[in-house]
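[1] Give me a model of this one.
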Amino acid sequence: MKCVKRLTADQQRLAEENLTIVERVLRFDINANPCVAGLGYEDLYQEGCVWLCNAALTFDPARGSFASYARQVVQNGLVSYCRNLTGKQSRMISLAEMEPTALAALEVQHSTPFDIECETPLLLAAAESQYSGVTRKGVHALALQVSGIPLTAVATRMSAPPNHVSAWISRAVHKLRNDESFLSSLHEN
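    Numbers count the residues shown, from 1 in each chain. Here you go, the predicted model:
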């Protein structure tokens, strides 16, 4: 957990008087992307203000002007923030990419769509009792998802982040692919 330090009155005044530094860094050095969560202008401005406060907290007047120091601190902080955020985004799987592959991974080819809707959740519920831990959670989440519940709703119901639920489902699909009894009962129905 981060150590939170309070700004003195002078540091707070210094940060308030130099808020334009954040705007200049955002205008000239950082590109906001409202399509990516956390990279909109408001989010970046807020993060920039946090870095400006950090600059005010760590500024040493003997080493130069605050404006040049703060600009570099804000710019470096925002670049790190953007890198961390885009790194997290690239590791996430969207629901649109996930749903078709979840059924395809179970190799459900000989069933009609109606059979899949009716039988697969029941088969997954029966298979759930054979597993434990993460695999059991994944089978349960997959059953909910096959029933038509979106991944985000499944994640909310299971009190976990969506990327954890996706990982559980991936583990369950891997185990179910190798489960001969499950695959045979899936193809029978």
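
[2] which residues in the chain form helices?
    Using DSSP state H, the helices of the chain run over 9-17, 20-28, 41-58, 66-90, 95-105, 113-128, 133-146, 151-157, 162-177, 180-188.

[3] Can you spell out the domain ranges of this structure, please?
    As assigned by automatic domain parsing, the chain contains the domains 9-90, 95-188.

[4] ok, of these, where does mean pLDDT dip lowest?
    Mean pLDDT across the domains of the chain is lowest at domain 95-188; the value there is a mean of 73.

[5] buried stuff in stretch 60-71?
    For stretch 60-71, burial by neighbour count (16 or more other Cβ atoms under 10 Å) applies to 66, 69-71. All C-beta atoms are positioned from the backbone trio N, CA, C, and that covers glycine.

[6] I should have written stretch 69-87 there, sorry.
    69-71, 73-75, 77-78, 81-82, 85.

[7] Present those as a markdown table; the columns should include distance to residue 37.
    Shown next, in a markdown table, are the buried residues of stretch 69-87 (distance: Cβ to Cβ, whole Å):
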| residue | distance to residue 37 |
| --- | --- |
| 69 | 30 |
| 70 | 27 |
| 71 | 26 |
| 73 | 24 |
| 74 | 21 |
| 75 | 22 |
| 77 | 19 |
| 78 | 16 |
| 81 | 13 |
| 82 | 12 |
| 85 | 8 |
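
[8] Residue 31: neighbouring residues, count only.
    Using other Cβ atoms under 10 Å, residue 31 has 8 other residues around it.

[9] distance of it from residue 141?
    Distance, residue 31 to residue 141, using Cβ to Cβ, to the nearest Å: 36 Å.

[10] From residue 69, how far out is the residue of the chain most remote from its centre?
    Distance from the centre of the chain peaks at residue 62, with 42.1 Å (Cα atoms, centre = their mean). Distance, residue 62 to residue 69, by Cβ to Cβ: 11 Å.

[11] again, but for residue 28
    Using Cβ to Cβ, residue 28 is found at 17 Å from residue 69.

[12] One more: residue 41?
    Plainly put, residue 41 is 24 Å away from residue 69 if you go by Cβ to Cβ.

[13] before we move on, what about residue 136?
    54 Å.

[14] Could you do residue 21 as well?
    Residue 21 is 10 Å from residue 69, where distance means Cβ to Cβ.

[15] Could you do residue 139 as well?
    Using Cβ to Cβ, residue 139 is found at 55 Å from residue 69.
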